[in-house]
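> only geometry, no sequence info:
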């Protein structure tokens, strides 16, 4: 049990969600492996230092297999995928989709993503202001992943509602809404799979349906779980990369002006955005598969362990001037996309979308500024993504 019980209330409050970094700094210094009561009612451990985080993310004694943890009757189909499985299932499930996300194929999408970014900015409802999230950061990646998967673009708003509900459902009070939206999502996917079976195309869902029909490779639940994961993860990370990244530039006008003058810095800039205020605050759940002695702490078999990725990325032991936003920082070994075998499959796509979206926005609207007090922006609840719900900007 942690000795730092008095700081427990600092977690998962509105103040923490707005700015968790002072809490993380205190934990890294005083109690870096911290036992906490999570919003969903379970006790578990939060890992806050960089080196400890890397160790947990790569240690196969910390299992990600939800079925193994909770039994074969696990009803949540959203866990039947590579993100919530261990080898050999992880390798099999990841192998079915990774061919669609190779760096070469992603790079080949550059010109099309640029067209999407230009079209979104050309078609703004107002020529002098916008809500960055609703009108740009959300539609760009959802259009891209919808095209890869082969689902209709006109359903993108449904995906957003379902995705937000699933991502943000970390406490009992959200369970009823989660169950409603989860059922709608599952019913939608099953209906779409039926259409694809009648008339398969060249898209990724068609490939996965064919793999399922050929037997052994995918179960029905795995098909649902994998496609749901691709839809959700395929846009959530990029939405918040763009949102958090642009927000950091607006808060640091010297860095924004530097990027406008030197757009070739965009690759470095995106890496720094991922490190400084990354779009995924916490890793998904891991459980100790056995009793583990971990740097002076006894983690009992079955206990929950979660890595605070955004804390690890601000660790002064790893990153000099870690709280400074510096787009000229040399490429860092940040953990925004995880580490080890569960390293984010879509990382090359998210990076490319972020680079194109942000540079295009700055080129088109170099004088844009925030139309709100940054302290009043509402950050999304939940324990996975870190991002704001709305970013109102004046463009000219």
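Good, I have the coordinates. Keep in mind it's a predicted model, so treat the numbers as computed, not measured.
> and residue 325, what does it touch?
Going by CB atoms under 8 Å, 6 or more residues apart in numbering, residue 325 touches 248, 251, 252, 255, 272, 276. The way it works is simple: take the backbone N, C-alpha and C, and place the C-beta from them, glycine included.
> and it, how far from residue 347?
Look at residue 325 and residue 347: by CB to CB, to the nearest Å, they are 21 Å apart.
> residue 272 too?
The span separating residue 272 from residue 347 equals 15 Å under the rule CB to CB.
> thinking again about what came up before, among the contacts of residue 325, which ones are buried?
When the contacts of residue 325 are checked for burial by 16 or more other CB atoms under 10 Å, the buried set is 248, 252, 255, 272, 276.
> wait, which of these is closest to residue 42?
Looking at the buried ones among the contacts of residue 325 and their distance to residue 42, the nearest is residue 276, at 29.9 Å (CB to CB).
> hang on, that closest one packs against residue 248?
Yes - at 5.9 Å, residue 276 and residue 248 qualify as touching, with contact defined as CB atoms under 8 Å.
> contacting residues around the nearest residue to residue 152 once chain neighbours are set aside?
Spatially, and ignoring its direct neighbours in sequence, residue 152 is nearest to residue 146 (7.2 Å; CB to CB, 6 or more residues apart in numbering). Residues near residue 146 by CB under 8 Å, 6+ apart: 152, 153, 155, 156, 159.
> ranking those by neighbours, who comes first?
The most crowded member of those, judged by other CB atoms under 10 Å, is residue 159 (22 neighbours).
> partner residues bridging residue 370?
In this structure, residue 370 has beta-bridge partners residue 393, where bridges are defined by DSSP bridges.
> can you count the residues close to it?
By other CB under 10 Å, neighbour count at residue 370 equals 16.
> and for the one 3 residues further on?
Neighbour count for residue 373, taken as other CB under 10 Å: 7.
> please apply the same query to the one 10 residues further on.
With neighbours defined by other CB under 10 Å, the count for residue 383 comes to 21.
> surely it and residue 284 touch.
No - Residue 383 is beyond contact range of residue 284, at 9.2 Å (criterion: CB under 8 Å).
> which residues does the helix or strand containing residue 359 contact?
Mapping residue 359 onto the secondary structure by DSSP states H and E places it in helix 347-364. Judged by CB under 8 Å, 6+ apart, the contacts made with helix 347-364 from elsewhere in the structure are 101-103, 106-107, 109-110, 113-114, 117-118, 121, 136-137, 140-141, 144, 234, 237-238, 241-242, 245-246, 249, 256, 259-260, 263, 266-267, 269-270, 273, 337, 344, 368.
> go through the residues you listed and flag which are in helices.
Here DSSP state H is the test, and those give 103, 106-107, 110, 113-114, 117-118, 121, 140-141, 144, 234, 237-238, 241-242, 245-246, 249, 256, 259-260, 266-267, 269-270, 273 as lying in helices.
> identify the residue nearest residue 80 in space, chain neighbours excluded?
Once flanking residues are discounted, residue 80 sits nearest to residue 225: 3.1 Å by CB to CB, 6+ apart.
> which pLDDT value goes with residue 43?
At residue 43 the predicted local confidence, pLDDT, stands at 91.
> how much space separates the nearest residue to it once chain neighbours are set aside from residue 51?
Using CB to CB, 6+ apart and skipping the chain neighbours, the partner closest in space to residue 43 is residue 37 (5.6 Å). Between residue 37 and residue 51 the distance is 26 Å, computed by CB to CB.
> any weak-confidence spans in the stretch 1-150 of the chain?
By pLDDT under 70, the weakly predicted segments of the stretch 1-150 of the chain are 1-9, 72-75.
> try 90 this time
Screening the stretch 1-150 of the chain residue by residue with the criterion pLDDT under 90, one finds the ranges 1-15, 37-42, 66-80, 96, 99-100, 102-103, 125-127.
> residue boundaries of the strands in it?
Listed in chain order, the strands of the stretch 1-150 of the chain (DSSP state E, counting those that start in this stretch) span residues 33-37, 43-47, 62-63, 129-131.
> and the last one, which residues are buried?
When neighbours are counted by 16+ other CB under 10 Å, the buried residues of strand 129-131 are found to be 130, 131.
> give the pairing partners of it; include direction for each.
Partners of strand 129-131, by DSSP bridges, with direction: strand 392-394 (antiparallel).
> got the buried residues for the strand it pairs with?
For strand 392-394, a neighbour-count test (16+ other CB under 10 Å) marks residue 393 as buried.
> re the thing from before, for the helix holding residue 359, what is the average pLDDT?
Averaging pLDDT along helix 347-364 yields 97.
> over to stretch 153-160?
Averaged over stretch 153-160, pLDDT sits at 90.
> can you give the distance of that stretch from its chain's centre?
18 Å (CA atoms, centre = their mean, to the nearest Å).
> got it, and stretch 195-214?
Distance of stretch 195-214 from its chain centroid, counting by CA atoms, centre = their mean, is 27 Å.
> picking up where we left off before, if any of the ones in helices among the contacts of helix 347-364 are buried, put those into a PyMOL selection.
Here is the PyMOL selection string for the buried members of those, based on 16+ other CB under 10 Å:
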select buried, resi 106+113+117+121+140+141+144+234+237+238+241+242+245+246+249+256+259+266+269+270+273
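> and residue 391, how close does it get to residue 41?
To residue 41, residue 391 is 32 Å away according to CB to CB.
> who's more crowded, the two?
Summary of the neighbour comparison: residue 391 and residue 41, criterion other CB under 10 Å, with residue 391 having more neighbours (25 against 8).
> so who does that one touch?
131, 132, 133, 137, 243, 246, 247, 370, 372, 377.
> count of residues packed around residue 35?
Counted by other CB under 10 Å, the residues lying close to residue 35 total 19.
> wouldn't it be in contact with residue 27 here?
No - if you go by CB under 8 Å, residue 35 and residue 27 don't touch, sitting 11.3 Å apart.
> check whether residue 18 really touches residue 375, as I assumed.
Yes - contact between residue 18 and residue 375 holds when scored by CB under 8 Å: they sit 7.1 Å apart.
> which one of the contacts of residue 146 is nearest residue 166?
Distances from the contacts of residue 146 to residue 166 were compared by CB to CB; the smallest belongs to residue 159, at 10.4 Å.
> helix, strand or coil: sort out that closest one for me.
Classification of residue 159 using DSSP: H, G, I helix; E, B strand; the rest coil returns helix.
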